[in-house]
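**Student:** next input, structure requested:
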Amino acid sequence: QVQLVESGGGSVQAGGSLRLSCAASGRTFRNYAMGWFRQVPGKEREFVAAINWSGSSSYYADSVKGRFTISRDNAKNTVYLQMNSLKPEDTAVYYCAAPKSPTTGASSAIYEYNYWGQGTQVTVSS
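**Tutor:** Alright, predicted model coming up:
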């Protein structure tokens, strides 16, 4: 069974930085793309960033492009989200996600992702 465990959330002032981590287990991590999504209460979960299996390709939501960086360490079965220049509107619960199929690339489509972590809260104050 695939398990995803996020860590690294917290509270920070606007302009600050946080790095989220997601540790994966239960299958061969390096064969699969990974993604990050976020959700605010009362709103739909939205795409943040995704990375392909090797780390050679990544894709970002326009709202975070140039501020967030997704990366992965296949030796550690971990994907990261480095968040810089944080804004109050980045406040959300952030979820790590993994697709069912190894053929899925760095996708923004939520329906491609079958496995989800429990989420980690990020709060950015002005």
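**Student:** for the chain, give me the ranges with low pLDDT.
**Tutor:** In the prediction, the chain carries no residues with pLDDT under 70.
**Student:** next, Thr123: phi, psi?
**Tutor:** Main-chain torsions, Thr123, degrees, to the nearest 10: phi -120, psi 120.
**Student:** if I pick the nearest residue to it once chain neighbours are set aside, what's in contact with it?
**Tutor:** Nearest residue to Thr123 in three dimensions, chain neighbours excluded: Ser11, at 4.4 Å (Cβ to Cβ, 6 or more residues apart in numbering). Bear in mind the C-beta positions are built from the backbone N, C-alpha and C, glycine included. By Cβ atoms under 8 Å, 6 or more residues apart in numbering, Ser11 lies in contact with 123-125.
**Student:** flag every buried residue along stretch 3-23.
**Tutor:** Neighbour-count burial for stretch 3-23, counted by 16 or more other Cβ atoms under 10 Å, picks out 4, 6, 8-9, 12, 18, 20-23.
**Student:** same deal with stretch 72-86?
**Tutor:** Neighbour-count burial for stretch 72-86 [16+ other Cβ under 10 Å]: 72, 77-81, 83, 86.
**Student:** run the chain-centre distance for it.
**Tutor:** Its chain's C-alpha centre and that of stretch 72-86 lie 8 Å apart, by Cα atoms, centre = their mean, to the nearest Å.
**Student:** and it, end to end?
**Tutor:** End-to-end distance of stretch 72-86 (Cα to Cα, to the nearest Å): 21 Å.
**Student:** next: stretch 52-60.
**Tutor:** With Cα to Cα as the measure, stretch 52-60 spans 12 Å from end to end.
**Student:** what's it in contact with?
**Tutor:** Contacts for stretch 52-60 (Cβ under 8 Å, 6+ apart): 30-33, 48-51, 68-72, 74, 102, 105-108.
**Student:** residues in contact with stretch 104-120?
**Tutor:** Contacts for stretch 104-120 (Cβ under 8 Å, 6+ apart): 2, 4-9, 20, 22, 32-33, 35, 37, 39, 45, 47, 50-52, 57-59, 61, 93-101.
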